[in-house]
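Predicted model follows, preceded by the sequence.
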Amino acid sequence: MKTRFILALSCLSIVLSFGFVPKRENLKKPAVLVFSLTKGYRHASIVDGIVAIKKLGEENNFDVDTTENVKAFNLENLRRYKTLVFLSPTGTNVFNDEQKKALKKYINKGGGFVGIHAATDFSFEWEWYGQMVGGFFESHPKVQQAKLLLVDPQNKVVEGLPEVWRHTDEWYNFKSFNNSVKVIVKVDEASYEGGTMKNDHPITWYHRFDGGRVFYTALGHTKESYKDPLFLKQVLAGIEWTMK
């Protein structure tokens, strides 16, 4: 009997994490919802990302829920969250029309959005999403180390980051880039092989869009990234800025 009870609790925990989300009307702490559904390539680092974001929440006084269920995208549910974190979701035509309307209204009403890595490899069919996240993934070379550069070292969003540092990742090239975003980190294409953006290569950016606040970083392919203090500082900065 005890074994069955423990198994039942474990199953319930999985359902809550990836299927449904708890009601939050009576909770005081702000909350973020991490969405990581993949219909294409699935990054092995997603699990590490969830662990890292939950730890950031514990250390910085916000709750973290996770889901891979598109049914979570209804306005009644989304309004419980200060920010949505799209953690390397992949796929096209993942949301139906009603779910797209819910996400758009959430942003229109001032909701926050943080995209990590493959958030630009998602919803290619939806022009509004591409403009919101800032662009779409086009290609990438092999994982390798490269030099990152702060574009605006005085910007409070990147406070505490060095002006130049090296990081190992999968370096996305982008298409349909939204030039109205505020780029805060670039990658030096001379420091690695495979860049196609004429050495004007954005990696991290943010902007106010259609009523909401949006932050994106192309970093986060590797499992090691989610133990890298400089990368996690960017993720936290994006979450805190979009929750304002």
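Structure received. Numbering: from 1, shown residues only.

residues in contact with Arg166?
Contacts for Arg166 (Cβ atoms under 8 Å, 6 or more residues apart in numbering) come out as 145-148, 191. The C-beta positions use only the backbone N, C-alpha and C, and glycine is treated the same way.

ok, and the most crowded of those residues?
Leu148 (23 neighbours; other Cβ atoms under 10 Å).

Let me know the pLDDT of that residue.
At Leu148, the model reports a pLDDT of 98.

ok, what's across the strand from it?
Beta-bridge partners recorded for Leu148 (DSSP bridges): Trp165, Val187.

returning to what we had before: tell me which of the contacts of Arg166 is nearest to Lys101?
Closest approach to Lys101 among the contacts of Arg166 (Cβ to Cβ): Leu148, at 36.7 Å.

what about the nearest residue to Glu163 once chain neighbours are set aside, distance to Val133?
Of all residues not flanking Glu163 in the chain, Leu150 sits nearest, at 4.8 Å (Cβ to Cβ, 6 or more residues apart in numbering). Applying Cβ to Cβ, to the nearest Å, the value for Leu150 to Val133 is 21 Å.

more crowded one of the two?
Remark: of Leu150 and Val133, Val133 carries more neighbours, 25 against 17, as counted by other Cβ under 10 Å.

Which strand or helix spans the closest residue to the more buried one other than its chain neighbours?
Closest residue in space to Val133, ignoring its immediate chain neighbours: Gly115 at 4.9 Å, by Cβ to Cβ, 6+ apart. In the assignment (DSSP states H and E), Gly115 maps to strand 112-116.

partners of that strand, with directions?
strand 83-87 (parallel), strand 212-217 (parallel).

List the buried residues in it.
For strand 112-116, burial by neighbour count (16 or more other Cβ atoms under 10 Å) applies to 112-116.

Ok, stretch 230-244 next?
231-232, 234-243.

average pLDDT across that stretch?
Mean per-residue pLDDT for stretch 230-244: 97.

Same check on stretch 63-83?
Mean predicted confidence for stretch 63-83 is 98.

before we move on, what about stretch 125-145?
On average, stretch 125-145 scores 98.

quick revisit: just say which of the strands paired with strand 112-116 is most tucked in.
Among the strands paired with strand 112-116, the stretch with the highest mean neighbour count (mean count of other Cβ atoms under 10 Å) is strand 83-87, at a mean of 26.

Quick check: Phe35 touching Lys71?
No: if you go by Cβ atoms under 8 Å, Phe35 and Lys71 don't touch, sitting 11.6 Å apart.

residues in contact with the lengthiest strand in the chain?
When the chain is parsed with DSSP state E, its longest strand is strand 201-209. With Cβ under 8 Å, 6+ apart as the test, strand 201-209 has contacts from 107, 131-132, 134-135, 148, 157-158, 171, 173-174, 177-178, 180-189, 195, 213-219, 234, 238, 241-242.
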